[in-house]
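Student: Sequence first, predicted coordinates after that:
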Amino acid sequence: MIPRSRPWGLLIFFMIAFFLGAYFTFAAVQGDYGLFRRAEIVAQSVELQAQLEALNARVARMENLTRRLSDSYLDLDLLDQQAREVLGLLRSDEIVIR
């Protein structure tokens, strides 16, 4: 008859394997490169993309206004509007109501 050895080695092996699996699962979900961090990065990317589009629209508007006031192309209506807003100029037949 062969004497049975105690299964402590097998139990320790499975406990170590279980804790390593739990650790790596936790790191895969909540670690620096885990699923939650990826979701945060995707949301931040969408927000930054919207900000970039808004800034590109502002740049395009500024470029349009600059081109309309350039020497090669002068928009008289825009020039009149800017003179009124920036310099506070008025024609003599206008009345200002504040």
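Tutor: The structure has been received and is ready for your questions.
Student: after the helix or strand that contains residue 66, next one along is what?
Tutor: Per DSSP states H and E: residue 66 is located in helix 35-68. Where DSSP H and E defines the elements, the next helix or strand beyond helix 35-68 is helix 76-82.
Student: outside of that next one, which residues touch it?
Tutor: 65, 68, 69 (Cβ atoms under 8 Å, 6 or more residues apart in numbering). Placement of C-beta: from N, CA and C, glycine included.
Student: Among the residues you listed, which one has the most neighbours?
Tutor: Most neighbours among the contacts of helix 76-82, by other Cβ atoms under 10 Å: residue 68, with 15 neighbours.
Student: per-residue pLDDT, the closest residue to that one other than its chain neighbours?
Tutor: The shortest distance from residue 68 to any residue other than its chain neighbours is 4.1 Å, reached at residue 75 (Cβ to Cβ, 6 or more residues apart in numbering). pLDDT for residue 75: 82.
Student: Check residue 18 too.
Tutor: pLDDT at residue 18 comes out at 97.
Student: is it fair to say it lies in a strand?
Tutor: No - counting by DSSP: H, G, I helix; E, B strand; the rest coil, residue 18 is not part of a strand but helix.
Student: In this protein, where is pLDDT below threshold?
Tutor: Residue ranges of the chain with pLDDT under 70: 1-6.
Student: tell me what the helix holding residue 66 is packed against?
Tutor: helix 8-30 (3 or more Cβ pairs under 8 Å, 6 or more residues apart in numbering; DSSP states H and E).
Student: Also compute the angle for the helix it packs on relative to helix 35-68, please.
Tutor: 20 degrees (axes from the mean of the first three to the mean of the last three Cα atoms, to 10 degrees).
Student: That'll do, ta.
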